[in-house]
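**Student:** Sequence below, structure please.
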Amino acid sequence: MPLLSQNRMPALWNWFQWIIGGIADKRKLCTKYYLRQNKVLEAGCSVGNIAVAFLKYPDVHYIGVDIDRAAIEMARKRFARFINFTFYCQDLREREKTKEGFDYILLAGILHHLPDGEILSLLHTAMELLVDDGLLVIVDPVLPEASDNAFLRYYLKIFEQGKFVRDWAALDRLLNSESGIVCDGGETCLVSATPIGWPKCARFGIWRFRRA
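**Tutor:** The predicted structure follows:
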């Protein structure tokens, strides 16, 4: 396990994400297709870094789930005064048992930690929780493209902890192989390391899906 991680040092990890982890751009990606849907579910919410982006929507009912207890405890403390934000230490499959439907489901930065089979299982579970007219949004790092500069490759090698970072085409094929879902669009973009928008440090893919 890396020395700096959300499990071992959640507070320091949170600070790192803000300073050089590209969190400002990641929040923009995660809300790019958000149209004020009321019920939001984020799987793999960690300490609530992405959840911050939904604070400006007073009518949102946000639920974050993560299997990391230390991260969830920190998220609960950060959002304690916001009654419309709730965090659970649980697997997404446990959330499925509640039979609660969501308008906007977000899978951000978790697929590159999972092998193919687990990703397809996660997609199936997410679609079971999505209401008929809801939207599933996936945001995940992908391998640099041939035209990307050497810094992106260096950043990936030094800081990336995921064992399953795929190129965009491979991840796109995998996501679209799951039956019962329809892709409304997918693209890649560069993410900057710092809040000031420079330097560009990573390439991310973003997809949106609906129920078939």
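
**Student:** So in the protein, where's the weakest helix or strand by average pLDDT?
**Tutor:** helix 10-20 (a mean of 60; mean pLDDT, DSSP states H and E).

**Student:** Could I have the CA atoms of the following helix or strand past that one written out in CSV?
**Tutor:** Moving toward the C-terminus from helix 10-20, the next helix or strand (DSSP states H and E) is helix 23-30. In CSV, the C-alpha atoms belonging to helix 23-30 read as follows (Å, rounded to 0.1, in the frame of the first residue of the first chain):
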residue,chain,number,x,y,z
ILE,A,23,-9.1,18.0,-8.3
ALA,A,24,-10.4,21.4,-9.7
ASP,A,25,-10.6,20.1,-13.3
LYS,A,26,-11.9,16.7,-12.1
ARG,A,27,-14.9,18.4,-10.4
LYS,A,28,-15.6,20.2,-13.7
LEU,A,29,-15.6,16.9,-15.6
CYS,A,30,-17.9,15.2,-13.0
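
**Student:** For Ser192, see how far away Val142 is.
**Tutor:** 16 Å (CB to CB, to the nearest Å). Every C-beta, even on glycine, is put in place using the N, C-alpha and C of the backbone.

**Student:** Val139 now?
**Tutor:** For Val139, the distance to Ser192 - CB to CB - is 15 Å.

**Student:** The two: which has the busier surroundings?
**Tutor:** Set Val139 next to Ser192 and count neighbours by other CB atoms under 10 Å: Val139 wins out with 24 against 17.

**Student:** Spell out which helix or strand contains that one, please.
**Tutor:** strand 130-142.

**Student:** what about the residue nearest to Ala43 when sequence neighbours are not counted, neighbour count?
**Tutor:** Among residues not flanking Ala43 along the chain, Leu92 sits closest, at 4.7 Å (CB to CB, 6 or more residues apart in numbering). Number of residues near Leu92 (other CB under 10 Å) recorded here: 21.
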